[in-house]
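# model this:
(chains A, B, C and D)
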Amino acid sequence: MYLPDGYTTLDKLREAGEMAEYDLFFGPNHPGMHGNFGYVLTMIGTEIVRVRPNAGLLHRGFEKAMEGKAWAANVSLIPRVCVPDPDPNEVAYCQAVEKLLGCEVPIRGRFMRSITLELSRLGSLYMGMGGLAGALGHYSTMYLMMIERDMILDRFEALTGARIYHIYNVPGGVRNDTPVGWLDSVSGLLDHIEAQMPEYDRLLYENHVVWDRLSGMGPITAEEAMASGITGPALRATGVKADIRVDAPYAAYPEVEVNIPTSGGGDALARAVQVRLDFAESVRILRQLIARIPAGPVHADLGNLAKLKVPAGDAYSKVESSKGEFGYYVISDGGEKPYRVSVRGPSLPAGLYLCHQHLPGMKIDDVAAWMASFAICPPDIDR
Amino acid sequence: MEDAVLFNLRDERQSAWESVLNYFRKRSMWMLYYCTGCGAIELPPSMTSRYDMERFGMGPMATPRQADLLLITGYLSVKTLKRVIYSYEQMQEPKYVVGFGSCPINGGIYWDSYPVINHLELFMPVDMSIAGCMPRPQAVLDAFQKLMAEIQDGHAVGYKRYRKHYDWYKRNQDAVLARTEAVLEPWEDPFSDPALVESLWNDAPEEIKENREVRHDA
Amino acid sequence: MTPERFSRQLEQFFGADARFADKGGAQWEVRIPRDRCLPLLSFCRDHSFVHLAFVSAIDWIAEDEIELVYHLWSYEHRVHVLVKTRLEREKPWMFTAFRLWGHAQAYEQEIHEMMGVYFLGNPDLSSLFLHNWKDRPPLRKDFDSRAYSLKAYTLSGLGLAPEDEEDANVPS
Amino acid sequence: MRFLHMLPQLLGVSFLAMAIGLLLMGLGRQFTARLQRRVGPPFYQAYIDVLKCFSKGSITHGFVMDLGSIMSLAGLLATAYYVPFVQWTATGSGSLVIILYMMTIGYLGMAMGVSASGNPQAPLGISRALALMFGYKIPLVMVILAMILVTGTSDLLNIVNAQQGGPSHWFLLKFPIGFLAVEIAFQGMIGERPYDMMIAPAEIASGPMVELSGKYLGLAFLLHSVQLYVETALIVNLFLGGAANPATFFGKQVVVYLTSMAVNAVMARYRIEQGIAHLWKWAGSLAFIQLLTIKGGF
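Here you go, the predicted model:
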């Protein structure tokens, strides 16, 4: 029987109408789904034919809720936009407000912002690597990585009083200075993390099963990635040297040396490796920040924050989170509340658009790993 | 909150056989692996090496059929509420519901938000609520210990309540999920009128018209 | 690229339609009427502004207008451009940017649901976030979220509250 | 009647197989937990789980589902009657042909049962399990063939007897290549990583078990426990020389199972086609080499 190139028996049966299509609900209630999100997959056998994203399960009306709260009160709402990586939200929002206010954050406050951002990034990357390992069935790595992530949360708790939602950055700086010995404890944690990392590398990155699974999955070129709004590690994994910490520096990043790592290839393996490189770079940045942090105030005097009034205007501010660009577009009409806050989450382009490009033709086996490789985080799609 | 309905939890006295079964039930609680909200972020720490939930015999399960414990991890949007009720009804008795954080209790920080329901008790029975945002892993594990004690004593009987008062729960669920008219004021989308859309197409520039028949999945 | 050069090029192609402003902090702003907006976006994309960060919509209820803001970023020049266009609030509609950036489809779908803006040529404007929504689009300024929540999610708001105290304890 | 005469023995073996299998599961879970630096459940956790499952309500999806569940358990129990426990079998025979034949019935019964549920993920899982069977059965059969050629008997009792006289007589040392091949295949037989694509929670939501509730899930657990008993006992008998008393036998089973769990703990999961290719490539070639060395006058 002669079959032209790329024309399989499956295609033949499909054309003859002998293969039935069926819908498979991948999520929201599915162990491979990270968070509350869903894809309705139309399948033939084990192959995906079409995909329909089912978003909105985590929708809480953030943008509306923020219009009803005072400028400073919104800081308590904002970290909830992205649960694994909350601090970029706070910083992006505060920077936008500060831009409108025209106020300058003291240098120590900027350093503290960078330190919390990088610690939050480390925690989120642990979660991302663990999630990828979990999607591939490699639970030991995930279980072990959570120990270190929890240690980071302990440091956050000592600094801010909260494990997950820190609400530490406020317009004008950060809430309070470090407790005594806190910076040393972070240094000690970094030593511990660097000592542990080789073990995880052996478990996850030197594992041939992981290589075989990830290589060639969901490939994307640099042009495609830029044209479809992909940012962060997924973009750098295509070889583009783009990072907001360097391109549009904020907080204390101009004061330290940031070497943006890139990797090539653009498939899921490259993205996984890129996350690991980002992780190492983040640890290096943290060490520099801790070594160079100056003394001084951490907060600019803005009077009573609860009665803060912001001049009319609009400002866009963005921050490099562990998943990509987190942006806040803040509009004020001069009142005590924002007129409108619009949020740009990093997951939407991959989660709602690239799925149409990548998932059809893929097998059901790879959906969870594909999502984890793009670090799709549903709360910032839904908001 | 005039809607907070007080529930009476006490069960009739249990037999010795029932109490033996309850021992097995409490020592082997399988929870449904469904992250309904942000509270799920504290589940990985509770499950994994540091706090290790499995030493109490608890573990995540893939589907509602296999699970005993439904965790409502945080706020519930209406869209999720529908899925949660489906999941709950698929679970086999005895089954338990734990509400995480403030949001299932009274809406929490989202109490005035349009897509988020306020009181979970109106839609399904809750056996244990953990206050806080987020509840820490210690609080989560403590709640599970307390739930175990309630199961042993035969007090965690939400599923019996659900069966007994199904009409009441179903009425509340339908009122929110199967809404037939607008809540505040009806809204007519002007673009549901095909004539208007057609006139827009007629005035559109040529390069737009070319793409008229594009389908997303094509 | 300097702002002067960019504004000169804009003037060359769009004349007085495009109003350019430098907001400082490497953020530029271009205001443009709806009919010229898509050509402007296309022009920007060809001039290295390849990254569409997102699209936001603002309801200016006092001016009876809805504003769309396209956020563009150039990896080459490291400049952020906000392309703003105003639509009438009664029947807001816009041409889709789906052909320029694929992911614009998702943003437009969201804006259609949240703000009621119709995007001509967008292949899928079905409801994505809300369940069985029959009210005014929620991000409009005249939508009262608190009143909605109290009416929709409480027994008394739904008219289901029990008459007397005895009934309140029904599920026991 | 011969059958009635054997009934106490058959019941005894059934009970033993389930008890040992569940204990192995509990020990395996605790072992994995220790590898992951946590406390883990108590060793008797699997018993509690099964008893709890039987105390729950359950949903059947029709007569075929009931029949399939019973049939798969019955098939595996029937295998257990032929696998020697301390140089003794319930039926008095240890025919390897019957063992290899009967072991398949477990999966076929499961395929029949879970397909009735109508959930697409259950047939996906069971089709993976049946496909994977092609992967591990061929190396296994090749190695067993090699041993039959050497010992001149297909009765497992005789193969065990041939290994008596201390560890130096164990086939583990006589056929190290074959042992390696069977160890790789064993990983697939009990469905542990990297070959756990049949369950694969992140992909197909625990596959065949997706619609099993209450008692059916309890039956599935018992099925897995009997499977563990049969397959570890098979390896102990084939390569580790059986045992003279139950404690030693159980100890050897534990060693075999925990070795597999250690691999399980550090591995990710293959895709199904990768898994079969891997099994054929490594286990298959090792088994083939073993067969050649024997035919070559070893």
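# low-scoring pLDDT stretches of chain B, where are they?
Applying pLDDT under 70 to chain B flags residues B:1-13, B:207, B:210-218.
# What residues sit buried inside the helix ranked longest in it?
Counting by DSSP state H, the longest helix found in chain B is helix B:137-153. Neighbour-count burial for helix B:137-153 flags B:Pro137, B:Ala139, B:Val140, B:Leu141, B:Ala143, B:Phe144, B:Leu147, B:Met148, B:Glu150, B:Ile151, B:Gln152 (criterion: 16 or more other Cβ atoms under 10 Å in any protein chain shown). Placement of C-beta: from N, CA and C, glycine included.
# Show the contacting residues for the nearest residue to A:Val105 once chain neighbours are set aside.
Distances taken as Cβ to Cβ, 6 or more residues apart in numbering or on different chains place A:Gly173 nearest to A:Val105, at 4.9 Å, with adjacent residues excluded. Shown in contact with A:Gly173 (Cβ atoms under 8 Å, 6 or more residues apart in numbering or on different chains): A:Val105, A:Pro106, A:Gly109, A:Met112, A:Arg113, A:Pro297, A:Val298, A:His299, A:Ala300.
# does any bit of the longest helix of chain B sit next to chain D?
No - Helix B:137-153 does not reach chain D (Cβ under 8 Å from any Cβ of the partner chain); its nearest approach is 10.8 Å.
# Tell me the spacing between the residue nearest to A:Val105 and A:Arg52.
For A:Gly173, the distance to A:Arg52 (Cβ to Cβ, to the nearest Å) stands at 45 Å.
# give me phi/psi at the residue lying closest to C:Ala104 once chain neighbours are set aside?
Counting by Cβ to Cβ, 6+ apart, C:Ala97 is the residue found nearest to C:Ala104 once chain neighbours are left out, at 4.1 Å. C:Ala97 adopts backbone torsions of phi -100, psi 20, taken as degrees, to the nearest 10.
# what about A:Ala280, neighbour count?
12 (other Cβ atoms under 10 Å in any protein chain shown).
# Remind me what the helix or strand where it lies packs against, helices and strands.
Element membership for A:Ala280 (DSSP states H and E) is helix A:268-292. Contacts defined by 3 or more Cβ pairs under 8 Å, 6 or more residues apart in numbering or on different chains; DSSP states H and E place helix A:268-292 against helix A:107-135, helix A:182-200, helix A:208-214, helix A:233-236, helix A:367-373.
# Next secondary structure after the longest one?
Secondary structure here is assigned by DSSP H and E; on that basis, the next helix or strand after helix A:107-135 toward the C-terminus is helix A:139-160.
# Tell me if the next helix or strand after the longest helix of chain B is near chain D.
Using DSSP H and E, the next helix or strand after helix B:137-153 towards the C-terminus is helix B:158-164. No - in terms of Cβ under 8 Å from any Cβ, no part of helix B:158-164 sits within range of chain D; the closest distance is 9.5 Å.
# for helix B:158-164, packing partners?
Counting by 3+ Cβ pairs under 8 Å, 6+ apart, helix B:158-164 packs on strand B:96-100.
# Just give the strands next to the strand it packs on in its sheet, each with its orientation.
Looking at strand B:96-100 with DSSP bridges, its partner strands are strand B:69-73 (parallel), strand B:128-130 (parallel).
# Throw these into JSON lines and include mean neighbour count, thanks.
Shown next, in JSON lines, are the strands paired with strand B:96-100 (neighbours: other Cβ atoms under 10 Å in any protein chain shown):
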{"stretch": "strand B:69-73", "mean neighbour count": "25"}
{"stretch": "strand B:128-130", "mean neighbour count": "21"}
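# Please name whichever of the ones you listed is nearest to C:Ala53.
Closest to C:Ala53 of these, according to Cβ to Cβ: strand B:69-73, at 30.5 Å.
# Kindly format the C-alpha coordinates of the closest one as PDB.
Extracted in PDB, the C-alpha atoms of strand B:69-73 (Å, rounded to 0.1, in the frame of the first residue of the first chain):
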ATOM      1  CA  LEU B  69     -12.100  14.500  50.900                       C
ATOM      2  CA  LEU B  70     -12.900  17.500  48.800                       C
ATOM      3  CA  LEU B  71     -10.700  20.500  49.500                       C
ATOM      4  CA  ILE B  72     -12.200  23.900  48.500                       C
ATOM      5  CA  THR B  73      -8.900  25.600  48.400                       C
END
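# outside of it, which residues touch it?
Contact with strand B:69-73 is made by B:29-32, B:34-40, B:43, B:58, B:64, B:84, B:87-88, B:91, B:95-101, B:104, B:120, B:126, as judged by Cβ under 8 Å, 6+ apart.
# So what touches stretch D:151-160?
Residues from elsewhere that reach stretch D:151-160, judged by Cβ under 8 Å, 6+ apart: D:82-84, D:87, D:89, D:93-97, D:99, D:147-148, D:162, D:171, D:234, D:237-238, D:241-242.
# for stretch B:50-68, how far is the first residue from the last?
24 Å (Cα to Cα, to the nearest Å).
# In the longest helix anywhere in chain D, which residues are buried?
Assignment by DSSP H gives helix D:2-35 as the longest helix of chain D. Within helix D:2-35, the residues that qualify as buried are D:10, D:13-14, D:16-18, D:20-33, D:35, counting by 16+ other Cβ under 10 Å.
# orientation of the following helix or strand past that helix relative to helix D:2-35 in degrees?
Where DSSP H and E defines the elements, the next helix or strand beyond helix D:2-35 is helix D:45-54. An angle of 120 degrees separates the directions of helix D:45-54 and helix D:2-35 when computed by axes from the mean of the first three to the mean of the last three Cα atoms, to 10 degrees.
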